[in-house]
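Peer 1: Predicted model, plus sequence, below.
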Amino acid sequence: MALYVLSILIFSMGLGTMLTFASSHWFLAWMGLEINTLAIIPLMAKSHHPRATEATTKYFIIQAVAAALILFASATNAWMTGEWDIKQLTHPLATNTVMLALALKLGLAPLHLWMPEVLQGVTLTTGLIVSTWQKLAPMALLYQIAPTVNPTLLLTLGITSALVGGWGGIDQTQLRKLLAYSSITHMGWMIIVLKFMPGLMLLNLVIYVLMTSTVFMALKEVSATKINTLALTWPKAPTLTALLMLSTLSLAGLPPLTGFMPKWLILQELTKQELPLIATLMAMTALLSLFFYTRMCYAMTLTISPGTNNNYTTWRLHKMRKHLPLAISTTGTLMLLPLTPAMTTML
């Protein structure tokens, strides 16, 4: 893809997301979502592979349906109440429809079936964009309509996403599908605390984007798309493999790594809201995710290369790449837990 075309597409993605951030009118927010979707479609299909074409088609249809539901619900709210303002979404039918449409855009269970298939069909770079940047605009809308959404619906979506993400990732051998189920689980953790403390949801979103970016960039650096391939990464890049293992454990939420912070604060907030049963259930679902993260770590660090893998061991070449973004994100993924008191004072 030409640099000029790529620059226009990336600029359009940023423009669409920023337009949704800045808008207080439902029509402008919908327009930003559409610009964002139309900009990423060529990036997903640029490899000209049948799997990429299939993933692009699925993604386009799902996002178009969700955008149509948002436009329908906002028009219904304007018809019933005379308000187009995002924060004035007061009619129950419109509120629930917008919530389900945003859940479809984010890949929340039970509306999640498109996400593993889409991520499996695209490259690691495009998968990084779908898992991180494409979540920002819908989460911004969720943040604004949170006071009017039915809390039972949010709790149901959150618990279902955590359970489905945990169970779905257990038997996966493809890393992109595994990270898709990881994304579903983390979205469930964010949604379940949205009604009680929206600031904590934003903190969780920032940390999720940081950790997921680290894992995707590290996997791209070692060219790994399957768990079996991870067994061959140690002779190629031992330091990066060790850091990738720690980043994976941070994504699982183990102390003393950064990923423990949002889970700790969310469980504390659920307990304060007198929801100990839901807090216990969410803590148990974290064990499901921990299982397949631990399987990744086992393949990376405890499997002797080449082991039972029939692939050739790759040469350890010094590539002329800029590793500063990966170094910064890895540092944040591993070392931000001591800042938890400062983070809580900002919420």
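Peer 2: Alright, I've got the coordinates.

Peer 1: Hmm, P116 is touching A180, no?
Peer 2: Yes. Taking C-beta atoms under 8 Å as the definition, P116 is a contact partner of A180 at 4.2 Å. The C-beta positions use only the backbone N, C-alpha and C, and glycine is treated the same way.

Peer 1: more neighbours, the two?
Peer 2: Neighbour count, other C-beta atoms under 10 Å: between P116 and A180, A180 has more, with 27 against 22.

Peer 1: That one reaches L128, doesn't it?
Peer 2: No. Using C-beta under 8 Å, A180 makes no contact with L128, being 11.9 Å away.

Peer 1: what number of residues lie near T125?
Peer 2: 12.

Peer 1: And what about it, helix, strand or coil?
Peer 2: helix (DSSP: H, G, I helix; E, B strand; the rest coil).

Peer 1: Spatially nearest residue to it, not counting backbone neighbours?
Peer 2: The shortest distance from T125 to any non-neighbouring residue, by C-beta to C-beta, 6 or more residues apart in numbering, is to K220 (6.4 Å).

Peer 1: Which elements pack onto the helix or strand hosting the one you found?
Peer 2: Per DSSP states H and E: K220 is located in helix 198-222. For helix 198-222, the packing partners by 3 or more C-beta pairs under 8 Å, 6 or more residues apart in numbering; DSSP states H and E come out as helix 124-131, helix 133-145, helix 175-194, helix 238-252, helix 260-272, helix 324-335.

Peer 1: Deepest-packed of these, please.
Peer 2: Most buried of the helices and strands packed on helix 198-222, by mean neighbour count (mean count of other C-beta atoms under 10 Å): helix 175-194, with a mean of 26.

Peer 1: how close does the closest residue to A218 other than its chain neighbours get to A279?
Peer 2: The shortest distance from A218 to any non-neighbouring residue, by C-beta to C-beta, 6+ apart, is to L244 (4.3 Å). Relative to A279, L244 is positioned 30 Å away (C-beta to C-beta, to the nearest Å).

Peer 1: can you check L141 too?
Peer 2: L141 is 27 Å from A279, by C-beta to C-beta.

Peer 1: Next: W26.
Peer 2: According to C-beta to C-beta, W26 stands 34 Å off from A279.

Peer 1: Just want to know which of the two has more residues nearby.
Peer 2: Set W26 next to A279 and count neighbours by other C-beta under 10 Å: W26 wins out with 24 against 19.

Peer 1: mind listing what that one touches?
Peer 2: I70, L71, S74, N77, A78, W84, D85, I86, L89 (C-beta atoms under 8 Å, 6 or more residues apart in numbering).

Peer 1: please redo it, this time with the cut-off set to 6 Å
Peer 2: W26 sits next to S74, W84, I86 when contact means C-beta atoms under 6 Å, 6 or more residues apart in numbering.

Peer 1: Just say helix, strand or coil for the first one.
Peer 2: Three-state call for S74 (three-state DSSP): helix.

Peer 1: what does F196 give?
Peer 2: coil.

Peer 1: Leaving out the residues flanking it, which one is nearest to it?
Peer 2: Q273 (5.2 Å).

Peer 1: can you check L288 too?
Peer 2: G166 (2.8 Å).

Peer 1: Okay, buried residues for the helix or strand harbouring the one you found please.
Peer 2: Using DSSP H and E, G166 sits in helix 151-168. Neighbour counts using 16 or more other C-beta atoms under 10 Å place 153-155, 157-168 of helix 151-168 among the buried residues.

Peer 1: wait, isn't F260 in contact with G253?
Peer 2: Yes. The pair F260 / G253 is scored as a contact, 5.3 Å apart, by C-beta atoms under 6 Å.

Peer 1: Okay, now the unreliable bits of the stretch 101-250 of the chain?
Peer 2: Counting by pLDDT under 70, the stretch 101-250 of the chain contains no low-confidence segment.

Peer 1: hmm, 90 instead?
Peer 2: 109, 146-148, 169-173, 221-241 (pLDDT under 90).

Peer 1: Give the helix, strand or coil label for I170.
Peer 2: coil.

Peer 1: Also A109?
Peer 2: Applying three-state DSSP: A109 is coil.
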